[in-house]
Structures are given as structure tokens and as C-alpha cells.
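Student: fold the following.
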Amino acid sequence: MRKTGVVFTGLVICLASLFQLSAITVLSHICLGVMCVTFTLRLYYKLLELLRWNPGVHPFQSYLDYDNTLTDKETVMLVEEVVLLIAFAITEIKRFLFIESMIDSIKFAVFLYLLTYIGILTNGLTLVITG
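Tutor: Okay, here's the model as predicted:
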């Protein structure tokens, strides 16, 4: 129950701040907050090491040792998927813009027109949440 409350409160604070600030600002503030906590903890462990109350154990060594590298095969697969998605999106947008099908292009134009009004009323985070 306690962990759920902490996670939920953190998510609500992040979402509320995204309504007022840009995503880059919120991300940088979250990273700075995490760095303040980890820097303080690291200094605390260093002080314990200097006072000989703790052996020289790095508090985040398990995170530093974790290997999250991609193999060549995984990298190639991910790049191929991204390239295929981009190529498909470009093909579809080209099909809509150069009016291959009149009905599909009209639907796309109406969608873009409605999207301008939605963009005026809300920011991107609201669209992500409602989507």
C-alpha cells in the first residue's frame, strides 16, 4: 500500500507538472532530483568509509554492473523495424497528400482540421492521456 501511494503520488506530480511545463523541463527536473538523492547517499557512504564504519562499498554498484548492451543482431532488428515504420508512414502520408484516393484524402484533411482546434485547446500530454 505504501509503495503504491508513493508511485501514484509521483506519477500525479509528474503529470501535473507536464501540464504547466514542457516535457524537457520536467525531465531535467526529475533527473536533477534523482541526482540530488543519489549524490547525498554517495557522500554519506563515502563519509562512513572515511570513518571506517563501512567497507568501501559503492551503494549503486549493482546498477553500475548491470549490462544492458544490445547484441549486433538485436540492434539490426530494432533498426529494421524503425526504418520499416518510417517508410510506411511516409508512404501513407504521401498517398494522402497527393490524393491517391479522394475519400481517404478528405478524411485526412478533416482530421488535420480538427487536430488544429484540439491543438489550440490542449497540449500534447492531454492528448496522450486521453488516447
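Student: go through the host helix or strand of residue 84 and flag the buried ones.
Tutor: Secondary structure assignment for residue 84, by DSSP states H and E: helix 72-97. The neighbour-count check on helix 72-97 (16 or more other C-beta atoms under 10 Å) flags residue 96 as buried. Where C-beta positions appear, they are placed from N, C-alpha and C, glycine not excepted.
Student: quick one, the helix or strand following that helix and helix 72-97 angle?
Tutor: Following helix 72-97 in sequence order, the next helix or strand is helix 102-121 (DSSP H and E). Interaxial angle, helix 102-121 versus helix 72-97 (axes from the mean of the first three to the mean of the last three C-alpha atoms, to 10 degrees): 100 degrees.
Student: residues in contact with helix 102-121?
Tutor: For helix 102-121, the surrounding residues in contact (C-beta atoms under 8 Å, 6 or more residues apart in numbering) are 95-97, 99, 127.
Student: give the other helices and strands that the helix holding residue 84 contacts.
Tutor: helix 102-121 (3 or more C-beta pairs under 8 Å, 6 or more residues apart in numbering; DSSP states H and E).
Student: averaged pLDDT, the helix it packs on. What do you get?
Tutor: Averaging pLDDT along helix 102-121 gives 78.
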